[in-house]
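Undergrad: Sequence and predicted model, in that order:
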Amino acid sequence: MKKKKKDITIRNGRVVDPGNGIDEVTDLHISGGKVLALGQPPENFQPLLEIDATDQIVCPGLIDLNVNLREPGNEHKATIASETACAARSGITTLCCTPDTLPVIDTPAVVGQIRHKARKAGYCRLLPQGALTKNLDGSHLSEMAALKAAGCIAVSNCYTPLANTLVQRRAMEYASTFNLLTIIRPEDQYLCNNGCAHEGKVADRLGLPGIPEAAETVAVARDLALAETTGAVIHFHALSSASAARTMAWAKREGRKVSADVAIHQLHLTELDLEGFDSNRHVRPPLRTDSDRDGLRKAVAENVIQAICSDHQPHEADAKSSPFPDTEPGISGLDTLLPLTLKLVEQGVMDLSSAIARLTCGPADILELPLGRLTPGYAADICIYDPNRQWHVSAEQIHSAGKNTPFTGWEMPGRVTHTLLKGRLVFHEERL
Amino acid sequence: MSLSNKALQLDDEQRLLHFLTIDGLDRSILTEILDTAEGFTGVSERTIKKVPLCRGKVVANLFFENSTRTRTTFELAAKRLSADVLNLNISASATSKGETLLDTLRNLEAMHVDMFIVRHATSGAAHFIAQHADPGVGVINAGDGRHAHPTQAMLDMFTIRRHKGEFVGLRVAIVGDILHSRVARSQILALNTLGVSEVRVVAPQTLLPSDARSLGVHVYHDFDEGIRDVDVIIMLRLQKERMRGAMLPSEHEYFSLYGLTERRLALAKPDAIVMHPGPINRGVEMDSKVADGSKSVILQQVSYGIAIRMAIISMVIGTQNQRTQEVAV
């Protein structure tokens, strides 16, 4: 009983499509779930639905490269249904979920279950990352060919370290056999040494066990060397240091097949925000110094870091109700991904087109998927937001099941009014 | 959500609500604590060692980590103020049964406790409890992780003031495991707030915080240089685990480089005093001859600990009483 998808015209919006170099006020026409044309519609095109986007921004639906949706296994924190609905409200149409669920995403059955639940909820395209090693044990390779066939778009070992450098090498090599992207959280487990904050002046004063910058730079350097040896395509997730960003700039100049993303909170918060031990600021990798934040901002502006992600880690209240080091790390980030990125535009870090690119064609190109652009024929995944609407972050305004945000009270620019997934309206703000 | 240290510890009238860290407190408050403690030193020498300042109040010693000296002196201090004291050795009970810190706290609040004296192995634990406790309940930090041990720092300041009179012009060297020491962090803050002319830390690089200078100290790796012409030497306890964590090669090498001997002590000012928060590892941090020598004030520190803790408990309870009265009026 497949319903025929409606033909839609989005009228008079400012269409920002960085992947195609477009930024102009025009109409966007959608047919059969796909982008049909910009500007003049084809003859005899009769849309069933018209969306007035006057004074609004119309851009490709956002792609979030790294989110943990907690299902299966931790449904008390969040579910695929709750988080994909939140994504739709936030203008996000594609989520790449990490394999650190219970059970781990290391078999086609788990991939199938997750994709089924996402399809049933119907809010968002969910692209699972598979586990790099079985049960994320760090020593036995997962059945990557089967995972890819089941729909995994990349493989990752998340926070779990690989047993040794040889396993890391083999895993990259095996993944590259099937053109699977290896996503790496660069973190040297020994240097992390159970730390919970950036090793620096704030952790020194607060007596928090530190994670040195070298925990990241050592891992980045090692895995770049392994990628060169193996020819594997790798992606570094959630860089936190200016030094790692500079290494990425060097790798880019050298023409290496490597990309990187940064979590949006790393572009706004620093170690100074840990004063008072607010557990909502407990993240991994840790918030680092002012100059790290500035270095990361520069790398994002210069497209050395091609994607901004939410690194969404929703938690129940109890997970954050302990003394800082004993709490679970992570921020619930879907609701604030777009507004915090727009804040960078307000602050003059980069122009709007670059900011939107890091949330759309940037991540799409990392995944080598035909998404993140308003090219005719591409899926009509679209985000429409009102750039002139400001809102304040509060628990009621956070639609994720996880209310763990450090941005409570912040004024945010931009409010999503419509989200379309494959030409279907999955979110439409009811205005009073 | 996260209040500044000042806003969390002081009310609008600059009265102590909690005592969690020296950070955020100014010289006048620290001096008030020292002066108040001065008034309490006489109590221990009376036949009846009690004053009725906290009669009818319930003070809970909430120790999630083992301690003998600190817990006992807090208990004595509270009893001399006529408070009822509950001693809870939590490491052995609730948390091992899976109860969360917050649940433990709520259960004790249901028993109408007026003050929590908290020791916990995690940095920030006392802040956490202060932020979640009922508004009328005071929290005193008796040591949290590597973060702070402010009552120890205050009793050390008291000891220094008793011997040296003034803080201005003093040179103080803190020697040993600064990295893991909550005592050192609180001492450095207190010494700088009270206006000493120089705080030195003496340690190998592995036992120093990554950016030690940002704490407001001069860093020395050579003990002979670091001790030269100082007025006060504070030796820190060295945990034996540090040998296992590849931070030090051996006790023998540590003692030869950073142990306090009579020879080294002679490099300090002639009237220098030697302090240690205890318990001492004789032959690791210092020679027995120094520990028991004429310059050692280590046992006085313990006695003064009672007066200082009486001062802090009574100030926090006093704030509660005044605020209750203000509400009643």
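TA: Thanks, I have the structure now. What you are looking at is a predicted structure, and each value in this text was computed from that prediction instead of being measured. Numbers count the residues shown, from 1 in each chain, chains lettered A, B, ... in the order given.
Undergrad: Now A:Y378. Its backbone dihedrals?
TA: phi -80, psi 160 (degrees, to the nearest 10).
Undergrad: so who does B:R264 touch?
TA: B:F223, B:D224, B:I227 (CB atoms under 8 Å, 6 or more residues apart in numbering or on different chains). C-beta here means a position set from N, CA and C on the backbone, and glycine is covered the same way.
Undergrad: how near is the closest residue to A:K201 other than its chain neighbours to A:A203?
TA: Once flanking residues are discounted, A:K201 sits nearest to B:S214: 3.8 Å by CB to CB, 6 or more residues apart in numbering or on different chains. Distance from B:S214 to A:A203, counting by CB to CB, to the nearest Å: 11 Å.
Undergrad: Which parts of the chain are helices?
TA: As the question left the chain open, I've gone with chain A. With DSSP state H as the definition, chain A shows helices at residue ranges A:80-89, A:108-121, A:144-150, A:165-177, A:189-192, A:201-206, A:214-230, A:242-253, A:290-301, A:337-346, A:352-359, A:361-367.
Undergrad: that's the other chain; I wanted chain B
TA: Counting by DSSP H, the helices of chain B are B:5-9, B:27-40, B:69-80, B:101-109, B:125-132, B:150-164, B:182-194, B:223-227, B:241-244, B:251-258, B:262-265, B:288-291, B:298-328.
Undergrad: nearest to A:R424, of those helices?
TA: Nearest of the helices of chain B to A:R424, taken as CB to CB: helix B:101-109 at 43.9 Å.
Undergrad: List the buried residues for that closest one?
TA: B:L101, B:T104, B:L105, B:L108, B:E109 (16 or more other CB atoms under 10 Å in any protein chain shown).
Undergrad: And the pLDDT at the second one?
TA: Turning to B:T104, the model gives it a pLDDT of 85.
Undergrad: What distance do you get for it to chain A?
TA: Plainly put, B:T104 is 11 Å away from chain A if you go by CB to the nearest CB, to the nearest Å.
Undergrad: And the first one, by the same measure?
TA: Spatial separation of B:L101 from chain A under the definition CB to the nearest CB is 6 Å.
Undergrad: Setting aside sequence neighbours, what's the nearest residue to that residue?
TA: Once flanking residues are discounted, B:L101 sits nearest to A:S322: 6.0 Å by CB to CB, 6+ apart.
Undergrad: who are the neighbours in contact with the one you found?
TA: Contacts of A:S322 by CB under 8 Å, 6+ apart are A:S279, B:T100, B:L101, B:L102, B:T122, B:F128.
Undergrad: Could you list the contact residues of the stretch 151-300 of chain A toward chain B?
TA: Contacts of the stretch 151-300 of chain A with chain B, taken as CB under 8 Å from any CB of the partner chain, map to A:199-201, A:203-210, A:212, A:275-278, A:280.
Undergrad: before we move on, the earlier item: for B:E253, which of the helices of chain A is the nearest?
TA: Counting by CB to CB, and looking across all of those, nearest comes helix A:189-192 at 23.5 Å.
Undergrad: show me where pLDDT drops low in the stretch 101-250 of chain B?
TA: Applying pLDDT under 70 to the stretch 101-250 of chain B flags no residue at all.
Undergrad: Near chain A, which residues of it? Just list them.
TA: Counting by CB under 8 Å from any CB, the stretch 101-250 of chain B comes close to chain A at B:101-102, B:120, B:122-125, B:127-128, B:132, B:144-148, B:182, B:185, B:209-212, B:214-215.
Undergrad: So B:S214 and A:A203 - more neighbours on which side?
TA: Per other CB atoms under 10 Å in any protein chain shown, whichever of B:S214 and A:A203 has more neighbours is A:A203, with 25 against 13.
Undergrad: I'd guessed that one sits against A:P212; true?
TA: No: the criterion here is CB atoms under 8 Å, and A:A203 misses it with A:P212 at 10.0 Å.
Undergrad: who touches both of these two?
TA: Taking CB under 8 Å, 6+ apart as the criterion, A:A203 and A:P212 both touch A:G195, B:S210.
Undergrad: What is the burial count for B:D12?
TA: With other CB under 10 Å as criterion, B:D12 counts 6.
Undergrad: How about B:K79?
TA: 17.
Undergrad: Skip the chain neighbours and tell me the closest residue to it.
TA: Nearest non-adjacent residue to B:K79 (CB to CB, 6+ apart): B:V85, at 5.9 Å.
Undergrad: how close does that neighbour sit to B:T73?
TA: 12 Å.
Undergrad: again with A:S332
TA: Relative to B:T73, and taking CB to CB, A:S332 is found at 44 Å.
Undergrad: got the contact list for the residue in the stretch 101-250 of chain A positioned nearest to chain B?
TA: At 3.2 Å from chain B, A:G207 is the closest residue in the stretch 101-250 of chain A, using CB to the nearest CB. Going by CB under 8 Å, 6+ apart, A:G207 touches B:S123, B:D144, B:G145, B:R146, B:H147, B:A148, B:R182, B:R185.
Undergrad: same thing with A:H392?
TA: Here A:H392 is in contact with A:G409, A:W410, A:E411, A:M412 (criterion: CB under 8 Å, 6+ apart).
Undergrad: now do B:E326
TA: B:E326 sits in contact with no residue, where contact means CB under 8 Å, 6+ apart.
Undergrad: tell me which residues in stretch A:253-268 are buried?
TA: The neighbour-count check on stretch A:253-268 (16+ other CB under 10 Å) flags A:V258, A:S259, A:A260, A:D261, A:V262, A:A263, A:I264, A:H265, A:Q266, A:L267, A:H268 as buried.
Undergrad: that older thread, higher neighbour count, B:V85 and B:T73?
TA: Neighbours per residue (other CB under 10 Å) separate B:V85 from B:T73, with B:T73 holding more: 24 against 19.
Undergrad: Run through the strands of the stretch 1-150 of chain A in chain order.
TA: Using DSSP state E, counting those that start in this stretch, the strands of the stretch 1-150 of chain A run over residues A:8-17, A:22-31, A:34-38, A:49-52, A:57-60, A:62-67, A:92-97, A:125-131.
Undergrad: Of all these, which one comes closest to A:I384?
TA: Here strand A:57-60 is closest among the strands of the stretch 1-150 of chain A (CB to CB), at 5.2 Å.
Undergrad: How far away from the center of its chain is that closest one?
TA: Per CA atoms, centre = their mean, to the nearest Å, the displacement of strand A:57-60 from the mean C-alpha position of its chain is 18 Å.
Undergrad: any weak-confidence spans in the stretch 301-432 of chain A?
TA: A:431-432.
Undergrad: any chance of the strands of the stretch 1-150 of chain A in a markdown table, with distance to A:H237 and mean pLDDT too?
TA: Formatted as a markdown table, the strands of the stretch 1-150 of chain A follow (distance: least, CB to CB, whole Å; pLDDT from 0 to 100):
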| stretch | distance to A:H237 | mean pLDDT |
| --- | --- | --- |
| strand A:8-17 | 26 | 97 |
| strand A:22-31 | 29 | 97 |
| strand A:34-38 | 29 | 96 |
| strand A:49-52 | 34 | 95 |
| strand A:57-60 | 21 | 98 |
| strand A:62-67 | 5 | 97 |
| strand A:92-97 | 10 | 98 |
| strand A:125-131 | 10 | 98 |
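Undergrad: between these, which gets nearest to chain B?
TA: For these, proximity to chain B was assessed by CB to the nearest CB; strand A:62-67 is nearest, at 23.9 Å.
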